[in-house]
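Colleague: I need the structure of the sequence given here:
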Amino acid sequence: MLFYPENIEINHIDTANTSIKLLVARLDKIHPIVSGNKLFKLHYFLQDALQSTHKTILTFGGAYSNHLVATAFACKAYQLNCIGIVRGEKPQALSATLQQCIKLGMQLHFISREEYKNNEAESFTTDLKNKFGHFILIPEGGFSTQGAAGAAKIMDLLHHCNATHIATATGTATTLAGLLMAANNKQQIISIPVIKNMTDIESRIKILTGKNQFNNLKILGDYHFGGYAKKNTELINFINSFYKKYTIPTDFVYTAKMMFGIMDQISKNYFPAESTIVCLHTGGLQGNHSLPSGTLIF
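Modeller: This next block holds a predicted model:
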């Protein structure tokens, strides 16, 4: 597959606890646009589309969706047709994200938020097929068994790290499910939800993996900073100080919350001595474009 990496950059992070090794797996550096976990979640959908006769992908997202941009770019690279169903009525001025999708050849179709809530209904899919013809459907964020199977491929790039713990920000839980499927029993997989009161992670994992329980899953639910895409001065200051010290950019929606949480847990001695923690930088940096100019130092 185009863009698929043979290895990734691993950055070391200093901690006050010198018996802990903290690493950042730079999935964000795989590609400027199809970055982070997005490439992996798209993997099997792209294969299916390339093998189909219709060669069209349809997917969903909001006005600032990293998933939409990544899908649009991948489809352009593979010469696939691409349709994006966008949550909300069409605004007078499109977001930078949606403008980029259009430039990459994605056909955008706006629907009301009420309609969007039914996007998993069979009748909704039937209406889309009547309107657009045949297509390969990718659920929002890649939330599916195929998306999780693609995310499991991330673990292929981490074997040499000898990780005892692997941490990821959690939105749809698709990447989390993939990591759980591919990890060994001695590795703890840490989820840091970016959504407030995200109490359905276990049920999402069951849908994605078919398994009721993973004994090596740890959920740290107190680092959402108010909810999805919410932020405060503390988080912004952390993003800037983290970049100043390590020259690693993070985004306020996903990766910064994950890194903040892991470093906070290290300071609270959650991790045993001699732990090796690998934090996944899952990309999403374009989300920072919605911040006022000058908010971040990079």
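Colleague: C-alpha from now on. contacts and neighbour counts both.
Modeller: Will do.
Colleague: Please work out how many residues are found near Thr53.
Modeller: 10 (other CA atoms under 10 Å).
Colleague: Likewise for Met259?
Modeller: 24.
Colleague: For the residue nearest to it when sequence neighbours are not counted, name its beta-bridge partners.
Modeller: Of all residues not flanking Met259 in the chain, Cys279 sits nearest, at 7.3 Å (CA to CA, 6 or more residues apart in numbering). Beta-bridge pairing for Cys279 (DSSP bridges): Val24, Ala167.
Colleague: looking at this, Ala177 is in a strand?
Modeller: No - Ala177 is assigned helix when assessed by DSSP: H, G, I helix; E, B strand; the rest coil, not a strand.
Colleague: how far away is the residue of the chain positioned farthest from its centre from Pro32?
Modeller: The outermost residue of the chain relative to its centre, with distances by CA atoms, centre = their mean, is Asn130 at 30.5 Å. Plainly put, Asn130 is 35 Å away from Pro32 if you go by CA to CA, to the nearest Å.
Colleague: residue ranges for the strands of the stretch 151-298 of the chain, please.
Modeller: Here the stretch 151-298 of the chain has its strands, by DSSP state E, counting those that start in this stretch, at 165-170, 188-193, 217-219, 276-280.
Colleague: which other residues reach the last one?
Modeller: Judged by CA atoms under 8 Å, 6 or more residues apart in numbering, the contacts made with strand 276-280 from elsewhere in the structure are 20-27, 161-169, 255, 258-259.
Colleague: Would you map out the domains in the protein?
Modeller: Domain segmentation of the chain under automatic domain parsing yields 10-33+145-290, 38-142.
Colleague: Kindly reformat those as JSON lines containing distance to Tyr4 and mean pLDDT.
Modeller: Converted to JSON lines, the domains of the chain look like this (distance: least, CA to CA, whole Å; pLDDT from 0 to 100):
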{"stretch": "domain 10-33+145-290", "distance to Tyr4": "8", "mean pLDDT": "96"}
{"stretch": "domain 38-142", "distance to Tyr4": "8", "mean pLDDT": "94"}
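Colleague: Switch those domains over to CSV; also include distance to Met1.
Modeller: Shown next, in CSV, are the domains of the chain (distance: least, CA to CA, whole Å):
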stretch, distance to Met1
domain 10-33+145-290, 12
domain 38-142, 8
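Colleague: what about Lys245, how many residues close to it?
Modeller: Around Lys245 there are 10 residues (other CA under 10 Å).
Colleague: I'd like the distance between it and Thr282.
Modeller: Relative to Thr282, and taking CA to CA, Lys245 is found at 20 Å.
Colleague: all helices for the stretch 51-200 of the chain, in order.
Modeller: In the stretch 51-200 of the chain, helices defined by DSSP state H, counting those that start in this stretch lie at 66-77, 96-103, 113-116, 122-132, 145-151, 174-182, listed in chain order.
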